[in-house]
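*Asks:* Sequence first, then the predicted structure, then my questions.
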Amino acid sequence: MNDTFLKALRGEETDYTPVWIMRQAGRYLKEYREVREGVDFLTLCKTPELAAKVSIQPVDILGVDAAILFSDILIPVEAMGMRLEFSEKHGPALSEPIRSRALLEKLIVPDPDDDLAFVPDTVRLLKSQLKVPLIGFSGAPFTLATYMIEGGSSKNFLFTKKIMYQNHGIWSGLMDKICDTVTAYLRSQIKAGADVVQLFDSWAGVLSPDDYRKYALPYVKRIIKELKNDGAPVIYFVNGCAGLLKDVKTSGAQATGIDWRVDMGEAVRKLGKNMVIQGNLDPCALLLSKDDLRGKVKDILDKARPAKGHIFNLGHGILPEIPAENARALVELVHELSEKG
């Protein structure tokens with residue numbers, strides 16, 4: 001197995017900087033679109049043979065150094081008792097947003113090996129086929145809570161912050177249930193064979209540093225501490241992390257993923273030389289010419305050098321409009337420019 005990604009996560013010397021791409025199994029690949037023609041998104045997530053197939057596609061097509069389980073961060077939320085629907089135009093929608101004690105009490109902490117058995121089944125199938133490490137994942141508690149309270153995505157997170165500020169009982173009760181769910185969910189993926197797990201805190205950047213420390217970070221720390229002896233490193237990705245890095249570094253994760261809005265050199269300085277860092281090319285930079293993209297990649301690689309380890313990635317998910325050949329060129333550039341002679 002190509003273990004360059006795992007070596008980088010441990011802070012060990014590698015022959016080159018490993019690279020994978022968030023949302024690397026997706027609509028920018030025609031092979032993925034061909035699979036999607038016959039099934040809806042949730043069916044794809046819940047059918048192990050299909051989920052494994054699209055998880056492997058970018059490994060074969062792009063030559064990335066890790067695969068990530070094909071799923072969605074809201075899959076465990078559905079298992080908690082909320083009805084989940086996806087629309088191509090409007091994204092995810094969850095029934096009966098959690099804005100009352102009564103609705104909170106209806107939520108369960110699902111058994112992932114029973115209620116979500118298709119996820120560990122997909123992991124086991126992937127492990128039997130992959131020649132690179134496999135990343136399992138979940139949404140982080142704050143991010144999942146925003147979807148559960150808002151009923152979908154939001155521009156200002158008004159309902160979420162109203163619960164946070166005005167009803168601590170509902171907030172803490174919801175976060176406790178999410179924490180228990182996410183811990184069990186990630187543990188089942190690790191038990192099934194995931195080499196690494198990543199927590200996606202896609203919306204943590206909407207919080208002030210004080211609110212992040214109070215309402216989000218303690219729950220992330222709790223999950224990571226619970227998983228400490230399960231045998232898989234944790235990557236914690238925070239979108240919009242520029243003002244939060246001082247606190248993010250205390251999460252307990254083995255690696256921190258950063259978005260593109262913070263300079264890589266600044267991120268390394270704030271996170272410290274004992275942290276493995278992941279990131280952080282602007283996804284839209286994949287629209288650049290290859291020569292201009294080369295300059296961007298080299299700049300990130302150079303600035304990440306003082307870190308304990310570096311895993312190259314985009315600062316967020318790849319966009320459907322990106323040509324697949326541009327993504328392949330990125331992987332080739334990272335390998336070429338970081339290769340040690």
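*Replies:* Cool, the structure landed.
*Asks:* only C-alpha atoms for contact and neighbour calcs from this point on.
*Replies:* Fine.
*Asks:* So what's the predicted local confidence for residue 100?
*Replies:* At residue 100, the model reports a pLDDT of 97.
*Asks:* I'd like to check which residues are in contact with it.
*Replies:* residue 170 (CA atoms under 8 Å, 6 or more residues apart in numbering).
*Asks:* Please report the distance of it from residue 283.
*Replies:* Distance of residue 100 to residue 283, given as CA to CA, to the nearest Å: 38 Å.
*Asks:* Please work out how many residues are found near residue 185.
*Replies:* The number of residues packed near residue 185 is 23, by other CA atoms under 10 Å.
*Asks:* Surely it is in contact with residue 75?
*Replies:* No - Residue 185 is beyond contact range of residue 75, at 10.1 Å (criterion: CA atoms under 8 Å).
*Asks:* Now do the strands in the stretch 101-250 of the chain.
*Replies:* 134-139, 196-201, 234-238 (DSSP state E, counting those that start in this stretch).
*Asks:* Counting by contacts, list what the shortest one packs against.
*Replies:* Counting contacts by 3 or more CA pairs under 8 Å, 6 or more residues apart in numbering; DSSP states H and E, strand 234-238 is packed against strand 196-201, strand 255-258.
*Asks:* ok, now which ones touch the closest residue to residue 47 other than its chain neighbours?
*Replies:* Once flanking residues are discounted, residue 47 sits nearest to residue 118: 6.7 Å by CA to CA, 6 or more residues apart in numbering. Contacts for residue 118 (CA under 8 Å, 6+ apart) come out as 46-48.
*Asks:* For the stretch 151-300 of the chain, which segments are assigned as helices?
*Replies:* Taking DSSP state H, counting those that start in this stretch as the criterion, the stretch 151-300 of the chain carries its helices at 158-166, 168-192, 209-211, 217-226, 245-248, 264-271, 290-304.
*Asks:* Switch these over to TSV; also include distance to residue 130.
*Replies:* Output for the helices of the stretch 151-300 of the chain, formatted as TSV (distance: least, CA to CA, whole Å):
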stretch	distance to residue 130
helix 158-166	40
helix 168-192	14
helix 209-211	40
helix 217-226	26
helix 245-248	31
helix 264-271	31
helix 290-304	27
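*Asks:* Make JSON lines out of these and add distance to residue 235 and mean pLDDT.
*Replies:* Shown next, in JSON lines, are these (distance: least, CA to CA, whole Å; pLDDT from 0 to 100):
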{"stretch": "helix 158-166", "distance to residue 235": "25", "mean pLDDT": "98"}
{"stretch": "helix 168-192", "distance to residue 235": "12", "mean pLDDT": "98"}
{"stretch": "helix 209-211", "distance to residue 235": "20", "mean pLDDT": "98"}
{"stretch": "helix 217-226", "distance to residue 235": "10", "mean pLDDT": "98"}
{"stretch": "helix 245-248", "distance to residue 235": "11", "mean pLDDT": "97"}
{"stretch": "helix 264-271", "distance to residue 235": "14", "mean pLDDT": "97"}
{"stretch": "helix 290-304", "distance to residue 235": "16", "mean pLDDT": "98"}
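*Asks:* To residue 109, which of those helices lies closest?
*Replies:* Nearest of these to residue 109, taken as CA to CA: helix 168-192 at 5.3 Å.
*Asks:* List the buried residues of the closest one.
*Replies:* For helix 168-192, burial by neighbour count (16 or more other CA atoms under 10 Å) applies to 170-171, 174-190, 192.
*Asks:* before we move on, what about stretch 99-119?
*Replies:* 99, 104, 107-113, 116, 118-119.
*Asks:* which one of the residues you listed is nearest residue 155?
*Replies:* Nearest to residue 155 among those, with distances taken as CA to CA, is residue 99, at 17.7 Å.
*Asks:* if we can go back for a sec, who wins for proximity to residue 87 among the strands of the stretch 101-250 of the chain?
*Replies:* Across the strands of the stretch 101-250 of the chain, closest to residue 87 is strand 134-139 (CA to CA), at 19.5 Å.
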